[in-house]
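1. Return atomic coordinates for the entry below.
(chains A and B)
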Protein chains: 2
Amino acid sequence: MQQKGLLVVLSGPSGAGKGTVCQKLLEHRETVKYSVSATTRKPREGEIEGKNYFFVSESKFLDMIDNDGLIEWDKYCDNYYGTPKSYVESCIQDGLDVVLEITVAGALEIKQKYPECVLIFILPPSYDELKRRIVCRGTECCDVIEKRLEQAYKEMKYASKYDYLVLNDCVDNAVLNIEKILDAERLKPSRNTELLNTFIK
Amino acid sequence: MQQKGLLVVLSGPSGAGKGTVCQKLLEHRETVKYSVSATTRKPREGEIEGKNYFFVSESKFLDMIDNDGLIEWDKYCDNYYGTPKSYVESCIQDGLDVVLEITVAGALEIKQKYPECVLIFILPPSYDELKRRIVCRGTECCDVIEKRLEQAYKEMKYASKYDYLVLNDCVDNAVLNIEKILDAERLKPSRNTELLNTFIK
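-> Presented below is the predicted three-dimensional model:
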């Protein structure tokens, strides 16, 4: 009687610390797998193909859309980002939780296709701190910083549509809270119909 | 920016171990308070007035209903059970979680009046074990045992209407799972509107 895995979506403005939270979560829990996104964005320093992203050309990305190979995709700051379908679905069938780090638009698209997915919005400690982090990251030009700030504000307005909010004022706390969310979600009746049937057969 | 407390409803068939789970939960968490029910049932050995129940006459109970002093009430195995309103509401306002141990009918009534409440159904390890526990409890006559078994089966059919199922195969595990549920519930956007407003003011 194996329970299916959870489809977990992490979003949050650039600078909220999604990446660090996600990485720590994966370290804590072997049963949580990371869904590597495909993107047309150029790799940042240190980013590894197949680990951080699948870096693809725009034409290759458009092919993936046409062949129903993505469960969601979105354009963000002039680059495409998308989630390859096969890996996600095989994890869930194997009872593993799979975590996606995607934009708000992508998250809402996924919720429509997979209503049982768990949407978690990562909040920065404060708006001022977010601003500081985006500016200090320094891997982008001024233009991109301005765009990211605008985008962050827009994204935050969608936080209320998520299932859970996790304030990232301390990474360990944020990870602990996500783990509690995953455990609690697995206790929902809709994820335990087989168990219930053993009682009311 | 104090968050309101949670209204937590525990149900489950007689013999599922709700009482023990609830007691341990209260011991673990000072911020969880127990809502003492009023009942017209006769006290069992060791039960204390005002701790386990408020034991009242039928006429007194009917008065409480008339005066809107109960947030829910139900008749179960020929006795009335109900939840006094004032204690529950003051706990929630003070940011404390308040836990109610009530029947399925009462729980569903509460969900309609307080949609933000958290319904948790406690499942026994198995149906056979439940049967054994109800028979072995031995504080009731045969007639009552038969009624409780029937009622247990009926109640189990409502488990899928609850927010969460907690299998009580080990009390400590069951309590831990309930604590995770409470922590996760507090992360829902609807319980954090003030926090969200600080970001999108």
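2. Pick out the residue in chain A sitting closest to chain B.
-> Closest contact between chain A and chain B, by Cβ to the nearest Cβ, is at residue A:184 (3.8 Å). Yep, even glycine has a C-beta here, placed from its N, CA and C like the rest.
3. surely that residue meets residue B:165?
-> No - counting by Cβ atoms under 8 Å, residue A:184 stays clear of residue B:165, with 11.1 Å between them.
4. what sits in contact with each of the two?
-> Common contact partners of residue A:184 and residue B:165 (Cβ atoms under 8 Å, 6 or more residues apart in numbering or on different chains): none.
5. For residue B:101, see how far away the closest residue to the residue of chain A closest to chain B other than its chain neighbours is.
-> For residue A:184, ignoring the flanking residues on the chain, the nearest one in space by Cβ to Cβ, 6 or more residues apart in numbering or on different chains is residue B:184 at 3.8 Å. Distance, residue B:184 to residue B:101, using Cβ to Cβ, to the nearest Å: 21 Å.
6. what's the nearest residue to residue A:192 if we skip its chain neighbours?
-> Leaving aside its sequence neighbours, residue A:192 sits nearest to residue B:165 (Cβ to Cβ, 6+ apart; 5.4 Å).
7. cool, residue A:98 as well?
-> residue A:91 (4.0 Å).
8. Number of residues surrounding residue A:167?
-> Applying other Cβ atoms under 10 Å in any protein chain shown, we find 18 residues neighbouring residue A:167.
9. secondary structure class for residue A:3?
-> Here residue A:3 is coil, with the state taken from DSSP: H, G, I helix; E, B strand; the rest coil.
10. what's the helix or strand for residue A:143?
-> Per DSSP states H and E: residue A:143 is located in helix A:142-156.
11. From the contact counts, what lies against that helix?
-> Where contact means 3 or more Cβ pairs under 8 Å, 6 or more residues apart in numbering or on different chains; DSSP states H and E, helix A:142-156 is packed against helix A:127-137.
12. Could I get the average pLDDT for the helix it packs on?
-> On average, the pLDDT along helix A:127-137 is 80.
13. starting at the chain centroid, how far to it?
-> In terms of Cα atoms, centre = their mean, to the nearest Å, the centre of helix A:127-137 is set 20 Å apart from its chain centre.
14. can you give me the angle that helix makes with helix A:142-156?
-> Here helix A:127-137 runs at an angle of 150 degrees relative to helix A:142-156 (axes from the mean of the first three to the mean of the last three Cα atoms, to 10 degrees).
15. Just checking the distance from the helix holding residue A:143 to the centre of its chain.
-> Put simply, helix A:142-156 sits 18 Å off its chain's centre (Cα atoms, centre = their mean).
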